[in-house]
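Enquirer: I would like to see how this sequence folds:
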Amino acid sequence: MRAQSPLSCDPNRRRLLSGAAAGIASAIVPPWAWAAQSGYSKRAIAIVESAGAIDMLGLVTINEEEWERWNSAEGMTDTDQQRFKECGIKVFHHSFGLGGPNSHTDALVYFAGLNAFIARYSDTFTRVSRCRDLEALVRSPKVGVIPGLQNSEHFRTPDDVKLFYSLGQRVSMLTYNAQNNLGCGSTERRDCGVSDFGAAIIQKMNETSMLVDVSHCGDMTTLDAFELSKKPVAITHSNCRALVNHPRCKTDEAIRKMAASGGVMGITGVRMFVRSEEPTTIEHIVDHVDHVAKLVGVEYVGVGSDCDLNGYDKMPKAQDQALRASYKASYAFREKLDIEAFGHPRKIFDLTEALLHRGYGEADIVGILGGNFRRMFKNVWEY
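Expert: Coordinates of the predicted model:
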């Protein structure tokens, strides 16, 4: 996949199916057949089954070798596809960071490849383009994919927004970590805010029903986007700077303005965004959910894991090294990027258990897992 990986460890083996059961073909095993053998509570399983969870930065895969295999003659196995049907996540916002002088062409190739992948595996995946597509998934065994990009350098002019909308793009992050023609990223030395060109792109995104995302944007660019957009602006995958002083985390001011815009903030499980010291556990992920819920209301928080089902720590070594080398020192990488109980295919069940343990009610958990983002989309997308 010609893209920069986005930036949750080993699975809790006690909670997973035995290897023999996991290998049974998807045509034979219904999606929830594994539940009777799991260590998850019946209450958590029921909540996940009913929630239609949305991971607002959930990659189909970050493993380049896996992506190449799936798109080769060898293709996905039944076990590969069953993993998606059993994971508990109903919708994945598949979004990479593209940038540089060839970003327009690279984006054309990216969306063509993603659309071809969804079409090839249409028994498992379906593209999500409108609100009614989200509603239809409730009655479908398929898994939804929202095409997006974690940068907007591919927009050469405002008219390009409509072009890429026609190719399926429904979410665009204004900037990645660096400065572009629209504004500044989170790791730039100084933040210039949204440019005139960026303001024109935001206006065109509003007109075209494409969601504005500010997850990797710098502080001023983030605040400007809330002021300029006439529709909700999302923070699809970030955490709270009040808990972790990291440039990729958002200030309380930004979170308040996000909620005021009608947006939702997806909490990520990337280790250094969750806690600045060890141990770092899934309970600390819930601390960020708590912070947003107490600051602006539980209806403005969701999930944006910032990873695929397997986690970063299972990437091929060469890809892991290349990933780390492509970011500034301010990212403060640690030996592990994933969090135990949140770096495996059924992490959404672990998160649900953790939310129940923290005292969240079932209705609020359903909102966190996907209901809040669904409400937001009704104010952004076409029906």
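Enquirer: ranges for the strands of this structure?
Expert: 53-55, 89-96, 125-127, 143-149, 171-173, 211-213, 233-234, 265-267, 301-303 (DSSP state E).
Enquirer: any chance of the ones you listed in JSON lines with distance to D290 as columns?
Expert: No exception for glycine: its C-beta is placed from N, CA and C like everyone else's. Formatted as JSON lines, the entries for the strands of the chain read as follows, by distance: least, Cβ to Cβ, whole Å:
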{"stretch": "strand 53-55", "distance to D290": "19"}
{"stretch": "strand 89-96", "distance to D290": "22"}
{"stretch": "strand 125-127", "distance to D290": "33"}
{"stretch": "strand 143-149", "distance to D290": "27"}
{"stretch": "strand 171-173", "distance to D290": "25"}
{"stretch": "strand 211-213", "distance to D290": "23"}
{"stretch": "strand 233-234", "distance to D290": "20"}
{"stretch": "strand 265-267", "distance to D290": "10"}
{"stretch": "strand 301-303", "distance to D290": "9"}
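Enquirer: columns distance to S38 and mean neighbour count on top of those, output as CSV?
Expert: Conversion of those to CSV gives the following (distance: least, Cβ to Cβ, whole Å; neighbours: other Cβ atoms under 10 Å):
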stretch, distance to S38, mean neighbour count
strand 53-55, 16, 30
strand 89-96, 16, 25
strand 125-127, 24, 19
strand 143-149, 19, 24
strand 171-173, 32, 26
strand 211-213, 33, 28
strand 233-234, 32, 29
strand 265-267, 23, 29
strand 301-303, 20, 29
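Enquirer: so for D320, which of these sits nearest?
Expert: In this view, these are compared for proximity to D320 by Cβ to Cβ, and strand 89-96 is the closest at 16.3 Å.
Enquirer: who's in contact with that closest one?
Expert: Where contact means Cβ atoms under 8 Å, 6 or more residues apart in numbering, the residues beyond strand 89-96 that reach it are 1, 3-6, 51-60, 110, 114, 128, 134, 137, 143-150, 171, 173, 236, 304, 309, 348, 370.
Enquirer: mind running it again at 7 Å?
Expert: 1, 3-4, 6, 52-60, 110, 114, 128, 134, 137, 143-150, 171, 236, 348, 370 (Cβ atoms under 7 Å, 6 or more residues apart in numbering).
Enquirer: distance of the spatially closest residue to L355 that is not a sequence neighbour from D350?
Expert: The spatially closest residue to L355, leaving aside those adjacent along the chain, is I365, at 5.0 Å (Cβ to Cβ, 6 or more residues apart in numbering). With distances defined as Cβ to Cβ, to the nearest Å, the gap from I365 to D350 amounts to 13 Å.
Enquirer: please apply the same query to M56.
Expert: In this structure, M56 lies at 18 Å from D350, with Cβ to Cβ as the measure.
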